[in-house]
Structures are given as structure tokens and as C-alpha cells.
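Undergrad: Build me a structure from this.
(one chain, ligands or ions: 1)
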Amino acid sequence: MRCDEILDKVYGYGGEEEIPFMLQLRIRFHLFFCPRCAQEIERFELARESLKNDFFYPSPGIKEAVMARITAELEAEEAGEGDPVRDNPGGISTKVWSFTGILIFISLASSFLSLDFAEVAAAGGISFLLPIGITIGVVITCYGALFIGSHLKEFSERFGLH
Ligand SMILES: [Zn+2]
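TA: Predicted coordinates for the structure are as follows:
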């Protein structure tokens with residue numbers, strides 16, 4: 001194959017698809033004898049890598065985004081701009097809470113399901129299950145307390161407690 005054919009093939013696959021083995025062999029064979037193409041392809045690979053890394057990384061983490069929203073809402077609340085939950089029905093605050101709750105229950109459920117209770121009980125005795133129960137109780141209690149605490153206004157309005 002000629003140089004431009006080699007480069008066409010490499011650019012055509014773009015590094016995304018796997019190049020067929022026989023074609024790879026022919027390209028490698030060519031590059032072995034052709035430093036110009038080897039350098040060209042090396043540059044192409046470098047450019048592709050840096051495109052990947054510099055333009056799409058670091059992606060904004062969901063945690064940072066959520067924390068930024070919570071911080072912004074807390075600041076708005078402190079600045080006396082009212083209750084973000086009431087002013088922004090169905091806003092991020094309620095969503096974040098439901099999401100956190102679902103995550104907690106999923107992780108608890110999956111850790112529960114992954115435990116072989118008979119085995120755990122046989123190995124550690126029934127007392128081993130006690131700390132697990134306490135942990136789950138504490139997590140659920142904390143979540144519930146935090147949720148109610150942060151939605152106190154909403155609750156009291158909804159149930160006419162004020
Ligand atoms: Zn060449």
C-alpha cells in the first residue's frame with residue numbers, strides 16, 4: 001500500500017473502531033519501513049488523545065453540581081429570599097432529597113441482599129446482625145430527621161400544623 005492509502009485507512013477508522021487484524025499487520029509493516037507515516041500517525045493519535053482528555057475531561061461531577069445547588073439555596077435562604085422549596089415547587093431541593101433517599105434504600109437493600117444471612121449468623125452468631133440493624137436504623141433515622149428538618153415549613157403548611 002502507498003503512504004496516502006495507509007493514512008486514509010488510519011484516519012478512516014479514527015481510532016474508534018478496531019482495525020481488522022490483516023489491515024493492522026499491513027499498516028504496521030508499512031510504518032516499520034516508513035518513518036514519515038509513523039510520525040504522521042503518532043501525531044494523529046496524540047491529537048485524538050488530547051481532544052478526548054482536554055475537551056471532555058474533567059466532566060463536572062454530579063456531586064459537585066448537587067453541592068453547588070444546595071450551597072446556592074442555603075445562601076439564598078440566609079439572604080432572606082424565602083424558602084426555595086416553596087418558591088420553587090418540584091425544584092432541585094426536593095429532587096435531591098428524593099434521590100438521596102432512593103440511593104440510601106437501594107444501597108441498603110443491595111447490601112442486605114448480598115449478605116448471606118445464614119452464613120453470617122453461623123460465623124458471627126446472631127450478635128453480628130445487631131450492628132447491621134443499628135446501622136440501617138441510624139441511617140434511616142438521620143435521613144428522615146434531616147428531610148423533615150429541611151422541609152419543616154412545607155410539612156407544617158401541608159398538614160396545617162402552624
Ligand atoms: Zn508511508
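
Undergrad: How about the contacts made by Ile27?
TA: Listed by C-beta atoms under 8 Å, 6 or more residues apart in numbering, the contact set of Ile27 reads 1, 6, 9-10, 19. C-beta coordinates here come from the backbone N, C-alpha and C atoms, glycine included.

Undergrad: Just to be sure, which of those are found in helices?
TA: Taking DSSP state H, the ones among those that sit in helices are 6, 9-10.

Undergrad: Output the residues you listed in a markdown table, with pLDDT, neighbour count and distance to Ser50 appended to each entry.
TA: Putting the ones in helices among the contacts of Ile27 into a markdown table (pLDDT from 0 to 100; neighbours: other C-beta atoms under 10 Å; distance: C-beta to C-beta, whole Å) gives the following:
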| residue | pLDDT | neighbour count | distance to Ser50 |
| --- | --- | --- | --- |
| Ile6 | 88 | 21 | 22 |
| Lys9 | 87 | 17 | 22 |
| Val10 | 85 | 20 | 17 |
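
Undergrad: mind giving me the domain ranges of the protein?
TA: 3-56, 84-158 (automatic domain parsing).

Undergrad: Determine which of those approaches Ala68 most closely.
TA: Closest of these to Ala68 is domain 84-158, at 10.1 Å (criterion: C-beta to C-beta).

Undergrad: what mean pLDDT does that closest one have?
TA: Taken as a whole, domain 84-158 has an average pLDDT of 70.

Undergrad: same thing with stretch 25-35?
TA: Mean predicted lDDT for stretch 25-35 stands at 91.

Undergrad: residues from this protein in reach of the ion?
TA: When proximity is defined by C-beta under 5 Å from the ion, the chain lies next to the ion at 3, 34, 37.

Undergrad: Let me know the pLDDT of the first one.
TA: What that stands for is Cys3. 92.

Undergrad: Please give me every residue in contact with it.
TA: 30, 34, 36-37.

Undergrad: all helices of the chain, in order?
TA: 3-13, 21-33, 35-56, 62-78, 84-87, 92-114, 117-124, 129-150, 152-158.

Undergrad: neighbouring contacts of stretch 101-113?
TA: Residues contacting stretch 101-113 (C-beta under 8 Å, 6+ apart): 136, 139-140, 143, 147.

Undergrad: swap the cut-off to 7 Å and go again
TA: Applying C-beta atoms under 7 Å, 6 or more residues apart in numbering, the external contacts of stretch 101-113 come out as 136, 139, 143.

Undergrad: Could you export those residues to CSV, including columns for distance to Glu154 and neighbour count?
TA: Formatted as CSV, the contacts of stretch 101-113 follow (distance: C-beta to C-beta, whole Å; neighbours: other C-beta atoms under 10 Å):
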residue, distance to Glu154, neighbour count
Ile136, 26, 15
Val139, 23, 14
Tyr143, 16, 16
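
Undergrad: Sweet, I'm off.
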